[in-house]
Structures are given as structure tokens and as C-alpha cells.
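**Student:** Okay, predicted coordinates and the sequence, questions at the end:
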Amino acid sequence: MTEIPTLRIAIGDYPHTLPLKRGEITSATLKLDFVEVKPMHTAFKPMVREHAYDASEMALVTYLQAKEHNKGLTLLPAAMLARFQHGTMLHNVERGRLTPVGLAGKRIGVRSYSQTTAAWIRGILQNDYDVDLSGVQWVTFEDGHVAEAKDPPGIVRADKGKDITKMLIDGELDAAIYGAAMPDDPRLQSVIENPDAEASLWFGKHRLVPVNHMVVVTDELARAKPAAVAELYRMLAAGRAAAGASPGGIDTAPFGKDANRPCLDMLIFYCVQQRLISRRLTVDELW
């Protein structure tokens, strides 16, 4: 009797992944061994550098850099996390109002220059708000996940032990970019005013939601067990179907190559602009 393959997979808890984690969606030909990693972004570095899992959720800028540096990973068109980014850059209103037009020459903190949220908001500011980011001083707090992908010249590192939110409140930073963990402090407000309304207008123009994370598998798995990869995608898609429509009718977990192509193409363009990758990869290279 043929043994059913088991894949070690690290993905977060979302409405479309919980049916798999709870055992509501199963397979006769594949078993999934879920590895719980919190916060989720801490799984990306070991996946890139050590292939710590057979499959993993991964931030898209990390994946694009991994692809450029031949790190042996293949993308599946399965979005895990997507959100509008307009409210992710904050400033301290007690130190004066800061708007996109005033960002030139400011000090802006970000966990890592290659953080996907940061790439999205920088791209939105540059391309939709005509903000000149060339004079911004970027202050980072940790390295990116792909060791071979170096930050552009001029990026500085905060002193060890510094906290991004305290620096923002104290005036050591003029603004800071946050991901999922937004600080709960009324003094810290979005640089883009009325971010929800602005995001709605942006969606009307571009017809997409910025995707932060998708799923990758190792090239070793894709070569050795392509049927297992196909079955993994089927199970993920079944979870997406079980979760039903996204609130508000806007798809925040797109599945399929066609559904994800516009978002990926835009992010690739942003990454070249920001010198996160050196050439404009094609979307078809990623699969």
C-alpha cells in the first residue's frame, strides 16, 4: 500500500485556512502537518535560508528577492493575506500635521526596508500621490529575510534596543510604517488623511487589493512530488471556497493566476523602483 505523503506547512490562521487546520477539508492522497509560527513573518527567513518547511506562507517582496537570488522556491497563486495599505504610515500629530507632500527629507522608520507593507505604501505614495521619496532617510530595525538581497545605499539601522513606536512618539522619527500590529495611541495617525476613503478611491482606480502574503513550496517538492503540490493547492482553494465571499464584496484572498496577476505585476514594478530587485521579473517566472 502506497504511503500518503505528509507536507510540513506553516500558514497563518485565516477564515480560508481554518477549515484545513480544523480537519474539515481533508485529502485521500495528502496529509498536512501544520507548524504554528507566531508572528507569521518569523517563518519567512528559515523558509528562504533553510527550506525549513515543505510549504509556507511568505511575504511577496521576500519571495521576489528569493526568486531573483535563486533560493529554490516556487509560488502558488494562493493569497493568504491582503489589505489596503493607505493607513499603515503613521506620524505623531502632537508634533505637527504631516501629509504625503511633506515626507521629502523626513526620517521614516520601518521594521525592514524589504517589508512588503513598506514596499506597497512607498509605491502608492510615489505613483499615486507623486511623492518624491529620494530624499527620505529610511531607518530600519532588522535585516531582510533573503541574505543575498542587500538594502540600497543610504538605509540606516536604528541603535540596538530602540523601539520604533517610542522613537516616533519622541520625535526621533517623523513617521513609521507598521504591518498587522498597529499601535493603539491616539497621537499616532495616518500620514494619508482619511485612509479608508482614499483606499476606496485607489481600489476604484486599480481594481485590486494589495496582497502581502501568498504560499510557496520548495522546488525540491515541486520536482519530486508535483501531484502533492497540485493537491495542496486544491485543498487551499477548497478552504477559500468554504470561507465564502470576503466582507464588502472585495476579494481579499484572491486565488488563481489570473486573479493575482495584476497585483503581482504592480508589486514587481514597485520593487524595481525601490531597488528591492534589480530587474522586472515577469509574473509567469514566479509560478
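**Tutor:** Nice, I can see it. Numbers count the residues shown, from 1 in each chain.

**Student:** Going by C-alpha atoms from here, please, whenever you check contacts or count neighbours.
**Tutor:** OK.

**Student:** Run through the neighbouring helices and strands of the longest strand seen in the chain.
**Tutor:** Across the chain, the longest stretch assigned as strand under DSSP state E is strand 73-82. On a contact count with 3 or more CA pairs under 8 Å, 6 or more residues apart in numbering; DSSP states H and E, strand 73-82 meets helix 60-68, strand 211-218, helix 219-224, helix 226-243.

**Student:** let's go with 7 Å and repeat that
**Tutor:** strand 211-218 (3 or more CA pairs under 7 Å, 6 or more residues apart in numbering; DSSP states H and E).

**Student:** what's in contact with the strand it packs on?
**Tutor:** 51, 54-60, 72-83, 116-117, 263 (CA atoms under 7 Å, 6 or more residues apart in numbering).

**Student:** and that strand with helix 226-243, angle?
**Tutor:** For strand 211-218 against helix 226-243, the angle by axes from the mean of the first three to the mean of the last three CA atoms, to 10 degrees is 150 degrees.

**Student:** tell me how far strand 211-218 is from the chain's mean position?
**Tutor:** How far strand 211-218 lies from its chain's middle: 9 Å, per CA atoms, centre = their mean, to the nearest Å.

**Student:** that older thread, now, of the contacts of strand 211-218, which are buried?
**Tutor:** The neighbour-count criterion (16 or more other CA atoms under 10 Å) marks 51, 54-60, 72-83, 116-117, 263 among the contacts of strand 211-218 as buried.

**Student:** export stretch 36-47 as PDB, just CAs?
**Tutor:** This file holds the C-alpha atoms of stretch 36-47, laid out as PDB (Å, rounded to 0.1, in the frame of the first residue of the first chain):
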ATOM      1  CA  GLU A  36       2.300  27.000  14.100                       C
ATOM      2  CA  VAL A  37       4.600  30.100  13.800                       C
ATOM      3  CA  LYS A  38       3.700  33.400  15.500                       C
ATOM      4  CA  PRO A  39       4.200  36.100  14.400                       C
ATOM      5  CA  MET A  40       3.900  34.700  10.900                       C
ATOM      6  CA  HIS A  41       6.700  36.700   9.400                       C
ATOM      7  CA  THR A  42       9.200  34.800  11.600                       C
ATOM      8  CA  ALA A  43       8.700  31.800   9.400                       C
ATOM      9  CA  PHE A  44       9.900  33.500   6.200                       C
ATOM     10  CA  LYS A  45      13.700  33.700   7.000                       C
ATOM     11  CA  PRO A  46      14.000  29.900   7.900                       C
ATOM     12  CA  MET A  47      12.000  29.000   4.800                       C
END
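
**Student:** Kindly check the end-to-end length of stretch 238-255 for me.
**Tutor:** Length of stretch 238-255, first residue to last, CA to CA, to the nearest Å: 10 Å.

**Student:** I meant stretch 195-214, not that one.
**Tutor:** So stretch 195-214: terminal residues 24 Å apart, CA to CA.

**Student:** Check stretch 94-114 too.
**Tutor:** Stretch 94-114 stretches 29 Å from its first residue to its last (CA to CA).
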